[in-house]
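**Q** just to be clear, the model below is a prediction. Sequence and coordinates:
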Amino acid sequence: MSTLYGNDVAVDYARTHSQRDFPAGSVVSLVTWTQVEDSRWFGAKIPSQVKSVEFVTVSAGGNGDPQYSYEVYTGNPLKKAPSQVYGAPAERIAYLLSSRAAVMP
């Protein structure tokens, strides 16, 4: 079970653009939980322990092109893995940035 979050810059951009070329200052994060059976509702599953938290931060590179940094925290307790910086979205970054926001009435 995962939930995608974004800061105000990322959310405002996602609400007004169909492209996924987020501007500098955007931060999106994906929180993933393990699931357990819900004792109150037969057949339902609910979040349990946080499994991982991933962050993608978009900044302006030296020549004005976007630069993407990726951080991931995993384990119990959560521990940060080494950060990575890319000039173009790598596979996991592209996946997170291409995810669509849920629309609620």
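**A** That came through fine. What you are looking at is a predicted structure, and each value in this text was computed from that prediction instead of being measured.
**Q** please pull out the lowest mean pLDDT helix or strand from this protein.
**A** Least confident helix or strand, the chain: strand 84-86 with a mean of 72, by mean pLDDT, DSSP states H and E.
**Q** pull the number of nearby residues for Ile93.
**A** Number of residues near Ile93 (other CB atoms under 10 Å) recorded here: 20. Where C-beta positions appear, they are placed from N, C-alpha and C, glycine not excepted.
**Q** mind giving me the packing neighbours of the helix or strand that it is a member of?
**A** Remark: Ile93 resides in helix 91-98, with elements defined by DSSP states H and E. Here helix 91-98 touches strand 27-37, strand 45-60, strand 66-74, going by 3 or more CB pairs under 8 Å, 6 or more residues apart in numbering; DSSP states H and E.
**Q** distance to Leu4 and mean neighbour count added to those, as TSV?
**A** Listed next are those as TSV, based on distance: least, CB to CB, whole Å; neighbours: other CB atoms under 10 Å:
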stretch	distance to Leu4	mean neighbour count
strand 27-37	5	16
strand 45-60	9	16
strand 66-74	14	17
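**Q** now those as JSON lines including distance to Asp21 and mean pLDDT?
**A** Shown next, in JSON lines, are the helices and strands packed on helix 91-98 (distance: least, CB to CB, whole Å; pLDDT from 0 to 100):
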{"stretch": "strand 27-37", "distance to Asp21": "13", "mean pLDDT": "94"}
{"stretch": "strand 45-60", "distance to Asp21": "9", "mean pLDDT": "93"}
{"stretch": "strand 66-74", "distance to Asp21": "7", "mean pLDDT": "91"}
